[in-house]
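Engineer: Here is the input, now give the coordinates:
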Amino acid sequence: MSASKVHDFRHHQGFEQVVPLFGTGPLSVVLVSICELTVPGNTPFQGAASMQIHNVVPEENQVRVRGFIGWDSDVSVRLQVFRAAP
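Structural biologist: Residues are numbered from 1 along each chain as shown. Predicted coordinates for the structure are as follows:
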């Protein structure tokens, strides 16, 4: 069964986040997107910071994501994680 999860956090430069996603395993197909969020409001928008997803690793009931935020101070960001049905 497919599933999705939204994971909000604040960071800058390199990051690694673990996103809980029940039913995920090492053989799952997982896609991740990243965007900046307005403060306040947590609304996705195209901000000035560049953002990249580097690694997406499906693990038992979670997804490990590494990436980079091209900004010198913390910004609010959202990872949107999608696991495809097998």
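
Engineer: What are the boundaries of the strands in the protein?
Structural biologist: Per DSSP state E, the chain carries strands over the ranges 3-11, 13-20, 30-37, 44-45, 50-59, 62-70, 75-83.

Engineer: mind checking how far the shortest one is from the chain centre?
Structural biologist: If I follow you right, that is strand 44-45. 14 Å (C-alpha atoms, centre = their mean, to the nearest Å).

Engineer: who does that strand pair up with?
Structural biologist: strand 30-37 (antiparallel) (DSSP bridges).

Engineer: mind listing what's buried in the partner strand?
Structural biologist: Neighbour-count burial for strand 30-37, counted by 16 or more other C-beta atoms under 10 Å, picks out V30, V32, I34, E36, L37. No exception for glycine: its C-beta is placed from N, CA and C like everyone else's.

Engineer: what residues does that strand touch?
Structural biologist: Outside strand 30-37, the residues that touch it by C-beta atoms under 8 Å, 6 or more residues apart in numbering are 8, 21, 24, 43-47, 49, 51-53, 56, 58, 63, 65, 67, 75-84.

Engineer: Buried ones among these?
Structural biologist: 21, 24, 44, 47, 51, 56, 58, 63, 65, 67, 75-79, 81, 83.

Engineer: tell me the average confidence for stretch 67-74?
Structural biologist: For stretch 67-74, the mean per-residue pLDDT is 98.

Engineer: what's in contact with it?
Structural biologist: So stretch 67-74 is contacted by 10-15, 34, 48-55, 75, 77 (C-beta under 8 Å, 6+ apart).
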